[in-house]
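Q: how would this look folded up:
(one chain, ligands or ions: 3)
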Amino acid sequence: MALMLKNARVIDPQVGLDEVRDILVRDGRIVEVGHNLTMEKGVERDLSGKVLVPGLVDIHVHLREPGGEQKEDIASGTRAAAHGGFTAVCAMPNTAPVIDNAMGVEYVKAVAAAKGKARVYVAGACSQGLKGETLSEMGDMVAHGASAFTDDGKGIQDAGMMRRVMDYASQFNRVVMVHAQDNGLVGDGQVNEGVASTRLGMLGWPAEGEEIEIARDIALCRLTGCPLHIQHVTTARGLDLVRAAKAEGLPVTCEVTPHHMFLTEDAITDEYQTCFKVNPPLRTAEDAAALVAGVADGTVDCIVTDHAPHTDWEKDREFELAPFGMTGLETSLGLVLTHLVNEGVIDFNRMVELMAVNPRQLMRDEPVKIEAGCVADFTVIDPEASWTVEAHDFYSRANNSGFIGARLKGRATDTYVGGYATMEDGVVVE
Ligand SMILES: NC(=O)N[C@@H](CC(=O)O)C(=O)O
Ligand SMILES: [Zn+2]
Ligand SMILES: [Zn+2]
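A: Ligands and ions are numbered 1, 2, ... in the order given. From the prediction side, this is the model:
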């Protein structure tokens with residue numbers, strides 16, 4: 001099938017493009033990028049006033065299938081992705097059962113191929129059952145299509161075990177993505193340790209509970225040479241550690257989430273809103289500002305959502321008993337456009353690097369460039385659309401966003417995966 005996308009402002013830093021262009025697609029790939037293109041037969045769309053970029057990729061998403069389908073499943077989670085403008089996501093392995101062997105990888109891939117509305121990269125666990133004790137079947141998982149490794153949700157407590165994970169993983173050209181959490185320091189921490197934990201009278205989660213593991217894993221990266229990706233960095237000093245590692249030339253990358261950039265510990269009031277209970281916790285305004293600065297100066301490699309859906313009945317209870325996590329797929333782009341691009345903190349080119357180019361590279365996938373021959377994965381953005389985040393608009397099965405009611409400017413209107421629309425005019429295509 002042929003597809004003609006006309007008159008969008010096409011932005012792609014990989015090919016130095018920021019101009020109005022037409023794009024002709026056939027059989028899932030770009031055939032031509034130019035002016036006044038024509039075709040004989042196919043679907044034509046006029047995208048005047050819209051911005052078209054390489055399809056956005058979120059490499060930190062909890063799709064919850066298998067085992068957590070009451071929160072989300074691969075069908076609903078990838079619909080939320082398409083609705084948020086994402087053409088691909090990386091599914092975290094902390095499901096039930098844990099994705100720690102080839103069969104699990106094959107299962108997620110098969111369901112995604114049958115029911116998904118986005119490409120799904122599968123991250124395999126580093127350790128069996130996320131227990132941090134015995135290596136998972138990494139080689140077998142890579143042979144069956146695993147794109148990266150992580151024990152997300154859990155920090156690997158033992159440094160020797162972490163060293164074995166990195167030694168072993170380094171032979172497969174896959175990145176080890178780490179959830180930096182020292183259990184001895186974090187314990188039953190609920191919120192950031194300091195003003196928030198004192199004010200709310202809850203157990204604190206110190207910044208050091210994250211920073212010490214970041215420092216340790218950077219040292220192990222130096223020892224093993226294994227590419228290391230720090231997940232959801234939340235503190236100024238944690239980001240400084242990554243900055244120094246990069247300056248040293250180590251293969252270290254990192255990600256930040258919109259909620260850690262645009263919300264702080266001050267959001268949690270004496271109403272104890274569980275939608276703000278996330279792992280790692282919301283930090284101080286100074287930390288959030290440092291993350292934004294890192295996004296602007298190049299220290300941060302990717303913006304990810306850590307989309308962590310939960311049911312209303314799990315979240316609607318005492319703060320200490322509610323699970324950690326908030327959703328993000330359907331608010332991420334709007335938040336980044338509103339708070340970073342529209343404010344002039346970053347431009348569209350940098351946004352594309354953070355949300356499309358670098359994530360694909362970390363998944364060891366081929367680049368998607370807006371040039372002939374490349375895969376036709378696109379995100380189309382209306383930069384002028386003003387909208388309010390409302391739970392009833394979500395395609396996700398879950399409502400646990402910390403941004404309900406936020407006024408945003410800019411959103412995805414159309415999403416294309418392999419030349420097929422997964423969202424058109426804001427509606428997910430069935
Ligand atoms: N981020 C969270 O608060 N929760 C995640 C786990 C994780 O990403 O560490 C989850 O699986 O719910
Ligand atoms: Zn995590
Ligand atoms: Zn996560």
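
Q: Name the nearest residue to the residue of the stretch 151-300 of the chain found nearest ligand 2, sequence neighbours excluded.
A: The stretch 151-300 of the chain approaches ligand 2 most closely through His179 (3.6 Å), counting by Cβ to the ion. From N, CA and C alone the C-beta is placed, and that goes for glycine too. Of all residues not flanking His179 in the chain, Asp152 sits nearest, at 4.6 Å (Cβ to Cβ, 6 or more residues apart in numbering).

Q: ditto for Gly116
A: Closest to Gly116 by Cβ to Cβ, 6+ apart is Thr78, at 4.2 Å.

Q: can you pull the contacts of the one you found?
A: Leu63, Val89, Ala112, Lys115, Gly116, Lys117, Ala118, Val120 (Cβ atoms under 8 Å, 6 or more residues apart in numbering).

Q: give me the low-pLDDT residue ranges for the stretch 301-430 of the chain?
A: For the stretch 301-430 of the chain, applying pLDDT under 70 flags no range at all.

Q: In it, mark out all the strands, start to finish.
A: 302-303, 378-388, 407-417, 420-424, 427-428 (DSSP state E, counting those that start in this stretch).

Q: quick one: strands adjacent to the third one?
A: The pairing partners recorded for strand 407-417 under DSSP bridges are strand 378-388 (antiparallel), strand 420-424 (antiparallel).

Q: can you redo those as JSON lines with mean neighbour count and distance to Pro227?
A: Below are the strands paired with strand 407-417 laid out as JSON lines (neighbours: other Cβ atoms under 10 Å; distance: least, Cβ to Cβ, whole Å):
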{"stretch": "strand 378-388", "mean neighbour count": "19", "distance to Pro227": "26"}
{"stretch": "strand 420-424", "mean neighbour count": "21", "distance to Pro227": "30"}
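
Q: can I get the ones you listed in JSON lines with distance to ligand 1?
A: Output for those, formatted as JSON lines (distance: least, Cβ to the nearest ligand atom, whole Å):
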{"stretch": "strand 378-388", "distance to ligand 1": "24"}
{"stretch": "strand 420-424", "distance to ligand 1": "24"}
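
Q: Let me have these in TSV, extended by distance to ligand 3.
A: Formatted as TSV, the strands paired with strand 407-417 follow (distance: least, Cβ to the ion, whole Å):
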stretch	distance to ligand 3
strand 378-388	22
strand 420-424	23
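
Q: Could I get those strands in a markdown table, plus columns for distance to Cys226?
A: Listed next are these as a markdown table, based on distance: least, Cβ to Cβ, whole Å:
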| stretch | distance to Cys226 |
| --- | --- |
| strand 378-388 | 31 |
| strand 420-424 | 34 |
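
Q: Kindly state which of these is positioned closest to Asp365.
A: Nearest of these to Asp365, taken as Cβ to Cβ: strand 378-388 at 15.6 Å.

Q: what separates the closest one from the chain centre, distance-wise?
A: On the basis of Cα atoms, centre = their mean, to the nearest Å, strand 378-388 is displaced by 19 Å from the centre of the chain it belongs to.

Q: now swap in stretch 338-353 and tell me
A: Using Cα atoms, centre = their mean, the offset of stretch 338-353 from its chain centre is 17 Å.

Q: how about the residue nearest to His179, secondary structure?
A: Three-state call for Asp152 (DSSP: H, G, I helix; E, B strand; the rest coil): coil.

Q: Can you report how many residues lie near it?
A: 24 (other Cβ atoms under 10 Å).

Q: per-residue pLDDT, it?
A: We note a pLDDT of 98 for Asp152 in this prediction.

Q: Show me what the closest residue to Phe378 other than its chain neighbours bridges to in the sheet.
A: In space, and not counting its chain neighbours, Phe378 is closest to Tyr416: 4.4 Å by Cβ to Cβ, 6+ apart. With DSSP bridges as the criterion, the beta-bridge partners of Tyr416 are Phe378, Ala421.

Q: Likewise for Ile11?
A: Beta-bridge partners, per DSSP bridges, of Ile11: Asp18.

Q: distance of the residue of the stretch 151-300 of the chain closest to ligand 2 from Gly294?
A: Distance from His179 to Gly294, counting by Cβ to Cβ, to the nearest Å: 19 Å.

Q: need the contact list for the residue lying closest to Thr134 once chain neighbours are set aside.
A: Distances taken as Cβ to Cβ, 6+ apart place Gln128 nearest to Thr134, at 4.6 Å, with adjacent residues excluded. Taking Cβ under 8 Å, 6+ apart, we find Gln128 in contact with Val98, Asp100, Thr134, Leu135, Ser136.

Q: Quick check: the farthest pair among those residues?
A: Farthest pair in those, by Cβ to Cβ: Val98 and Leu135, 13.2 Å.

Q: Now the element after the longest helix seen in the chain, going C-ward?
A: Using DSSP state H to define each element, the chain has its longest helix at helix 208-224. Later in the chain than helix 208-224, the nearest helix or strand by DSSP states H and E is strand 228-230.

Q: Skip ahead from that following strand and say which helix or strand is next.
A: Heading C-terminal from strand 228-230 (DSSP H and E), you reach helix 236-247.

Q: quick one: contacts of that next one?
A: Under Cβ under 8 Å, 6+ apart, the answer for helix 236-247 is 180, 207, 210-211, 214-215, 218, 221, 230, 233, 252-254, 286-287, 289-291, 294, 299-300.

Q: rerun at 6 Å
A: Contacts of helix 236-247 with the rest of the structure, by Cβ atoms under 6 Å, 6 or more residues apart in numbering, involve 210-211, 214-215, 218, 230, 233, 252, 254, 287, 290, 294, 299.
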